[in-house]
Structure formats: C-alpha cells, structure tokens
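# give me a model of this one.
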Amino acid sequence: MNFQSVLFIEMPSSHTERAMLNSFLVTTMTLLLTTFIAYTILLPDSYGQVGRYLNLSGNPGNSTFPSLAISGNNVYVIWTDNTTGNGDVYLKRSVDNGTTFGSLESISSNPGKSLDPEIAVSQDKLYIVWTDETTGNGDIYFKASLDKGVTFSNFENLSNNTGSSVSPQIAVSGNNVYVIWTDNTTGNGDVYFKASLDNGLKFKGKKILGKNIGSSLDPQIAVSENNTVVFGIWRDNTQYDPPQNATSPNFDLLIRTSSNGGGNFTDRNTVGKTVGDFADYAQIVIPAGKSDVSIVWSDIYRYREPATYDLFFQSITNNGSTLNDPINLSNNEGNSTIPKIAISKNGTTHVVWTDSTTGNGDIYYSRVH
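Okay, here's the model as predicted:
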C-alpha cells in the first residue's frame, strides 16, 4: 500500500523562493478544494450558468449541523434550526439531482431542543437520528420513511434512559439499520448500539460496546453493503494495560466488529496501537462491495516534542480480524486534524484535512492505493 500527494513539483533551491512557491500552492489548493467541497449545485448547460447555490433554510433563525444523503437522483438535506425558539430538525428533498428542492419539512417538531442530526438512505428508504432534550435530558430519537421522505413514521426514543445520550451515528445496508451513540447514564461516557433488521420498524435491545471506567466518546459506525460486517469505533481513555482498571489522560481509538448484523461483537481492538496516546477526529468508511474498512484519525506520536497532531490511515481486512500497519499521511510540523475520507470505485482512498504547517489553517489532500 502506498500514498501519493496530489502534485509533484521540483522545488527551487533558495529558501525565499521555496516559501513563495509553497504559499502559492497552498493558497491555490485551498481555493480549489474549498470550491470542490462547498455545497454547489451544478446545473445543465441549457441554464446558461456554470453553477449556483441555493439557500435551503431561508428563515430568521440560526441553521446549523447540516447533513445530506443521496440515492439515485434524490438528494436529502437535514439540519437544525432555532427559528421556533428551540432547535428543530428540518428536511428538504430534491428528486431531480439537486436542481430544485421541495418545501421545508419539520422532522422533530417538539418542545425540546433537537441537535446533531444524522441521515442515511438505502434506495427509497430514509432514516434520521438526532439528540433530543424533550424529556429533560438528551435522548436519541429516530424516524424512518419508506417512500423517499414523502411520509415518516412516528419518532422512536432509542436510548430512553436517565442519562444524557449524544453524538448519534447511523448506517444502513439493505433492510438493516444500525445506530450508535454515547451515553453517561452510568456516570461516565459509554458507547451504546441498537439494530433493526426490518427497515427501522422494530429495534433490538441496547448493546453496550464500550462499558468501562473511562470515557467512551465520539463513536462512528460503518456497515458493508452485503451486511457481512458491522464496525463500531470510538475513542476511550480507559487504561487497559497495567495498571488496569484506571483512567488515563490519554485516548486510544477502539474498534469492535460484528459479522451477524450486530447480534454479537468481537472483543475490542486498538486502532493505531503503536502510534500515539491522543487519538481524535476518527472517520471510518467501507469501500463499495467490500467487507474491509479504512480509518483515518489524528494522533500525537509518543514522546514527540513539540506535541503536534499527525494524520494517520489504517486499513482493517479479513472481516475485521487483520489490522494492517498504520500510515502517517501528513508527517509534518503542523497540527493535522479534522479529516474526511472517501473511497472511489477503483479502490483509491481520498483524504482531506485541516493543517497548520504554514502557520494558518490550510486544506491538505492525500490518496492511498
């Protein structure tokens, strides 16, 4: 496995010329990538325009936490908005590849504050989860639509406990729906998991993937297209090495795997175990048609001075049983954080992140073969 940067250029010999060229390249790539990742809707040539943007919320409140999902020509966008005085979750749909969008739809519409919505789609079926404070604490709410978002089921409280449940994530494959989140009912942060095998009509009982004396935070979930493997990852500061049964100021990135639709999970494993002690910003993705998983995250090398974040990549193969060696994608003097990852049909992994090497925040890109 190897990785490449986007561009290879012969650098000038003098320090001043190198600095000028580096500044030009970083500025240019930042502009290109910002344009690429911005939500710009490309229109057909007959419109006589290269592109345009649409204001999907268009109201007096503050609209935040957008998320989107795509299936065929259908584009679904959700976000949180406080126009009503608290945070509600709203949805807009497009059936023509984003050229036009329908009317605004309120998904939560309750007296509590609704936060951090996430969305997933499988053909005509649409699933939404969010954190909701209607009960007085944070619970994980769920809604499903089996007709491309035309109608929705009543919401279901997936967590339904006395603690605060936050950071929901959702993944779907076929008729199976998987939800993961963090909950502090036990007094610290634990990672909970629920699965539905019938398009979200019924969910099985909760499973605790990360139950320990430390804090289990920022969970992520991914499932293969054929439901062969479900992966759950999170960062955790429980000290598992001697002395055990203690917490640590450091955080590891833990992973558990299920090969039977979330019925059972393997014992925990540590991603990037030989790398560092401050794992954060993890992202996980499964290539189309595969049961392998690719993970990117930020971490600080042990004993490194000054302590700055590098960006790491690790693939896990053989249905989650083989953790391949991690690769340092950034390997520079700045802080490399907040990565995003995507995999093309030919198996190439594309990664972007924020990097402070030049003295300010720039967008860097790398690819892994």
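
# worst-scoring helix or strand of this structure, pLDDT-wise?
helix 15-37 (a mean of 41; mean pLDDT, DSSP states H and E).

# which residues of the stretch 101-250 of the chain score low on pLDDT?
241-246 (pLDDT under 70).

# where is the longest strand in this protein?
In the chain, with assignment by DSSP state E, the single longest strand is strand 246-258.

# dump that one to PDB, keeping only the CA atoms.
Extracted in PDB, the C-alpha atoms of strand 246-258 (Å, rounded to 0.1, in the frame of the first residue of the first chain):
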ATOM      1  CA  ALA A 246      -7.800   3.000  35.800                       C
ATOM      2  CA  THR A 247      -8.400   6.000  33.700                       C
ATOM      3  CA  SER A 248      -5.700   7.900  31.700                       C
ATOM      4  CA  PRO A 249      -5.300  11.400  30.400                       C
ATOM      5  CA  ASN A 250      -4.600   9.700  27.000                       C
ATOM      6  CA  PHE A 251      -7.200   8.400  24.500                       C
ATOM      7  CA  ASP A 252      -7.000   5.300  22.300                       C
ATOM      8  CA  LEU A 253      -9.100   4.500  19.300                       C
ATOM      9  CA  LEU A 254     -11.000   1.300  19.900                       C
ATOM     10  CA  ILE A 255     -12.900  -0.900  17.500                       C
ATOM     11  CA  ARG A 256     -15.300  -3.800  17.700                       C
ATOM     12  CA  THR A 257     -16.700  -5.900  14.800                       C
ATOM     13  CA  SER A 258     -19.900  -7.900  14.200                       C
END
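
# who are the packing partners of it?
Here strand 246-258 touches strand 230-239, strand 269-271, strand 293-299, going by 3 or more Cβ pairs under 8 Å, 6 or more residues apart in numbering; DSSP states H and E. (Each C-beta comes from the backbone N, C-alpha and C, glycine too.)

# and the second one, how far from the chain's centre?
Computed by Cα atoms, centre = their mean, to the nearest Å, the separation of strand 269-271 from the middle of its chain amounts to 18 Å.

# list the contacts for the residue nearest to residue 228 when sequence neighbours are not counted?
Leaving out its chain neighbours, the residue that sits closest to residue 228 by Cβ to Cβ, 6 or more residues apart in numbering is residue 291, at 4.4 Å. Shown in contact with residue 291 (Cβ atoms under 8 Å, 6 or more residues apart in numbering): 224, 226, 228-229, 319.

# which residues are in contact with residue 145?
Contacts of residue 145 by Cβ under 8 Å, 6+ apart are 125-127, 151-153.

# dump the residues you listed to a markdown table, plus secondary structure.
A markdown table is the format used below for those (DSSP: H, G, I helix; E, B strand; the rest coil):
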| residue | secondary structure |
| --- | --- |
| 125 | strand |
| 126 | strand |
| 127 | strand |
| 151 | coil |
| 152 | coil |
| 153 | coil |
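
# so the residue nearest to residue 228 sits in a helix?
No: counting by three-state DSSP, residue 291 falls outside a helix, being coil.

# tell me the angle of the longest strand of the chain relative to strand 230-239?
Interaxial angle, strand 246-258 versus strand 230-239 (axes from the mean of the first three to the mean of the last three Cα atoms, to 10 degrees): 170 degrees.

# and strand 246-258, what's buried?
Going by neighbour count (16 or more other Cβ atoms under 10 Å), the buried part of strand 246-258 is 251-258.

# okay, the helices and strands packed on strand 246-258 in a markdown table with mean neighbour count and distance to residue 70 next?
Formatted as a markdown table, those follow (neighbours: other Cβ atoms under 10 Å; distance: least, Cβ to Cβ, whole Å):
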| stretch | mean neighbour count | distance to residue 70 |
| --- | --- | --- |
| strand 230-239 | 26 | 22 |
| strand 269-271 | 18 | 28 |
| strand 293-299 | 25 | 20 |
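
# ok, back up a step: any idea how far the longest strand of the chain is from the chain center?
Strand 246-258 sits 18 Å away from the centroid of its parent chain (Cα atoms, centre = their mean).

# now the strands for the stretch 201-350 of the chain?
For the stretch 201-350 of the chain, applying DSSP state E, counting those that start in this stretch gives strands covering 207-210, 216-223, 230-239, 246-258, 269-271, 280-285, 293-299, 310-317, 322-323, 327-328, 336-343, 349-355.

# let's have the ones you listed in a markdown table, adding distance to residue 369.
Shown next, in a markdown table, are the strands of the stretch 201-350 of the chain (distance: least, Cβ to Cβ, whole Å):
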| stretch | distance to residue 369 |
| --- | --- |
| strand 207-210 | 31 |
| strand 216-223 | 20 |
| strand 230-239 | 22 |
| strand 246-258 | 23 |
| strand 269-271 | 20 |
| strand 280-285 | 15 |
| strand 293-299 | 12 |
| strand 310-317 | 11 |
| strand 322-323 | 18 |
| strand 327-328 | 11 |
| strand 336-343 | 11 |
| strand 349-355 | 8 |
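
# how about the ones you listed, which one is nearest residue 118?
Nearest of those to residue 118, taken as Cβ to Cβ: strand 216-223 at 9.9 Å.
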